[in-house]
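>>> What follows is a predicted protein model with its sequence.
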Amino acid sequence: MRRDLFVLGVLILSVMLLIWNGSSFFGTIGRLSTGFGIDHKLSFTALTLNVALILFGWRYYVDLQQEMERRAESEARAAYIASTDGMTGLLNRKGFAEESERMRVEAIADDRHVAIISIQLARFKVVNDRYGFDVGDEALRRIASAIESVAGEQRKVARISGDEFVIMTVVKRGGREGPMALAEAALAAVTQPMMIEDKLITVGAFVGIASACPGELKSRDILRRADIALAHARTGRIARPMWFDEGMERELLRHSEIEQSIRGGIDQDQFIPYFEPQMDLETNRVKGFEVLARWEHPLSGIVTPDRFIAVAEENGLIGALSESVIRKALEAAVKWDEPVDLSVNIAPIQLGDAWLAQKLVRLLTETGFPPERLTVEITESSLFSDLDMARTIVESLKNQGIKLALDDFGTGFSSLSHLRALPFNSIKIDRAFVSAIHHDVEAEAIVRAVTTLAEAIDIPVTVEGIESEETHAAVLRYGCAVGQGWYFGKPMTADQAEQLLRHGSADLVAGRESKIAKSA
Ligand code: C2E
Ligand code: MG
Ligand code: MG
């Protein structure tokens, strides 16, 4: 700009000189014609120099203009690159921050609200790992354009991290239907199966929505709220868009406090195994135990898994937690006089750990517990995202003689297809069905049907949640082989389990149950 002014100044000066010289030139001509002779060569040289200076200045000015245009273009290009996601062509986080602020200011002027929809792909890493980055990139591009076409031109769409997309829209004050319909359409578009290089790829996603008066919250705060709602959907495995509410924020704070104390709890060995008896329903003898984690909290006492398993899964702590609980359970059980079977629970996320089989085998070797007496319980939800990895892990486990049970059968996704997907040794019918068999005909029909089906494919059934004599009799009639539940005994400490083994009969167990329940 300063150079620009300088050149302009030179030009103006040159023109002024030209005028001045020109007047003296014409004055000279005039004087010559009237007979007065002075040195006209000097004036002519000055004039020529002036013209050259003007031409030079003009040329310089034009060059400068062009350079400035080029610079403006490259600056615009750099700004575009800085605010655009190179892979999908959508806005990136920076671009979204700028555009959404602009949109927010407009919304304030129009007295409207701003809504942000946050979409996160579920375990997209699996697509990259399984099919390679080219396929993964293409899937991301298709997902981006699907979201863009659902959003239309009026809304801002961005990819703000590897697997997270956002849509920002302006809505009438308090309007929820519009954003919800948009979020549902976006979710449906993202989860559409797609064909890439003759591979059929389906990607799951979680969605959070938040809206606010733009005068009260900045767009980054609205985005943070949408992300909290998204985290809520992800933790609860909720496959529909979730609206943000204040309770979610409080829960998040609580979660981070729990996370901190879980870390401390693992370091201080506060997670211990409890044992729930698994009964042979025909003979009424204890067959084995399901190992269930308990947290011996210095202030809260014995804490049950519903308070910590989900948080531990979310924060990658479940592996260390489970390992320490399983180790203690195996160490205790090898010392018991009676040989027993143990069942341990493996969280969905642990099936993504390629070393899981090796870790379990090492625990068995170090504790001396026989592998053929160990069963690993896997829930249905753990199978839906990475079946190949699950297969590899399961094969390694089976090679060691470890058995496999499908836990919580009936509550997950596509139950029957999962039965064929992996070589299960037993199926555990979820207690939600079992506890309802006396008052819910559907639940009863499901328990009967699953037992018959399992019999047909030669896989024994374990029934969870037997709480009464009546239920015990009913499931026995249906042909279930193994059962567990509070009728036989609540989860108990290792010492209590050892004592229970010495008695061995279900009647005694049931008789002891109230005592155990009080002491636990
Ligand atoms: P699960 O594997 O389905 O375990 C059965 C749950 O049902 C246990 O709850 C058990 O106490 C409860 N239960 C059993 N019989 C009855 C009954 O008759 N009535 C009622 N009302 N409840 C009964 P718990 O111990 O709270 O465990 C909950 C879940 O936490 C387990 O469900 C399992 O998925 C998970 N979990 C527990 N320990 C571990 C662990 O060490 N690692 C992992 N990854 N998950 C664990
Ligand atoms: Mg279980
Ligand atoms: Mg279960």
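On my side now, so go ahead. Numbers count the residues shown, from 1 in each chain. Ligands and ions are numbered 1, 2, ... in the order given.
>>> Can you list the buried residues in the longest strand along the chain?
Using DSSP state E, we find that the single longest strand of the chain is strand 285-297. Taking 16 or more other C-beta atoms under 10 Å as the basis for neighbour counts, the residues of strand 285-297 that come out buried are V286, K287, G288, F289, E290, V291, L292, A293, R294, W295. To be clear about C-beta, it is placed using only N, CA and C from the backbone, and glycine gets the same treatment.
>>> Which elements pack onto it?
Helices and strands touching strand 285-297, by 3 or more C-beta pairs under 8 Å, 6 or more residues apart in numbering; DSSP states H and E, are helix 246-267, strand 271-280, strand 301-303, helix 318-333, strand 341-346, helix 494-503.
>>> between those, which gets nearest to ligand 3?
Ranking the helices and strands packed on strand 285-297 by their distance to ligand 3 (criterion: C-beta to the ion) puts strand 341-346 first, at 7.8 Å.
>>> ok, the closest one: who's next to it in the sheet?
Each strand that pairs with strand 341-346, with its direction, by DSSP bridges: strand 285-297 (parallel), strand 374-379 (parallel).
>>> Make a markdown table out of these and add mean pLDDT and distance to L252.
Converted to a markdown table, those look like this (pLDDT from 0 to 100; distance: least, C-beta to C-beta, whole Å):
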| stretch | mean pLDDT | distance to L252 |
| --- | --- | --- |
| strand 285-297 | 95 | 20 |
| strand 374-379 | 94 | 24 |
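>>> Export these as a markdown table, with columns for distance to ligand 1.
Formatted as a markdown table, those follow (distance: least, C-beta to the nearest ligand atom, whole Å):
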| stretch | distance to ligand 1 |
| --- | --- |
| strand 285-297 | 3 |
| strand 374-379 | 6 |
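>>> so P193 makes contact with T202?
Yes - assessed by C-beta atoms under 8 Å, P193 is found in contact with T202 at 4.5 Å.
>>> Count residues in the vicinity of I393, would you?
For I393, the number of neighbouring residues by other C-beta atoms under 10 Å comes to 26.
>>> How is it classified with respect to secondary structure?
Using DSSP: H, G, I helix; E, B strand; the rest coil as the criterion, the local structure at I393 reads helix.
>>> Which one of the strands paired with strand 341-346 lies nearest to ligand 3?
Across the strands paired with strand 341-346, the minimum distance to ligand 3, taken as C-beta to the ion, is reached by strand 374-379, at 6.9 Å.
>>> Which of the strands paired with strand 341-346 sits closest to ligand 2?
Between ligand 2 and the strands paired with strand 341-346, the shortest gap by C-beta to the ion is with strand 374-379, which sits at 4.2 Å.
>>> Just the CA trace of the closest one, in CSV.
Included here for strand 374-379 are C-alpha records, laid out as CSV according to Å, rounded to 0.1, in the frame of the first residue of the first chain:
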residue,chain,number,x,y,z
LEU,A,374,-12.4,-70.9,31.9
THR,A,375,-15.3,-69.4,29.9
VAL,A,376,-15.1,-65.9,28.4
GLU,A,377,-18.5,-64.2,28.2
ILE,A,378,-19.0,-61.8,25.3
THR,A,379,-22.0,-59.6,24.9
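>>> ok, residues contacting that strand?
Around strand 374-379, the neighbours that count as contacts under C-beta atoms under 8 Å, 6 or more residues apart in numbering are 288, 290, 330, 341-346, 348, 351, 360, 364, 390, 397, 402-408, 412, 422, 425-426, 428.
>>> That one vs ligand 3: in contact?
No - applying C-beta under 5 Å from the ion, one finds that strand 374-379 is not in contact with ligand 3, the shortest distance being 6.9 Å.
>>> contact partners of stretch 226-241?
The set of residues that contact stretch 226-241 without belonging to it, under C-beta under 8 Å, 6+ apart, is 116-120, 122, 166, 180, 183-184, 187, 204, 206-210, 242-245, 248-249, 251-252, 310, 314, 381.
>>> For L342, give its distance to Y274.
Relative to Y274, L342 is positioned 12 Å away (criterion: C-beta to C-beta, to the nearest Å).
>>> shared neighbours of those two, anything?
Counting by C-beta under 8 Å, 6+ apart, the residues touching both L342 and Y274 are V291.
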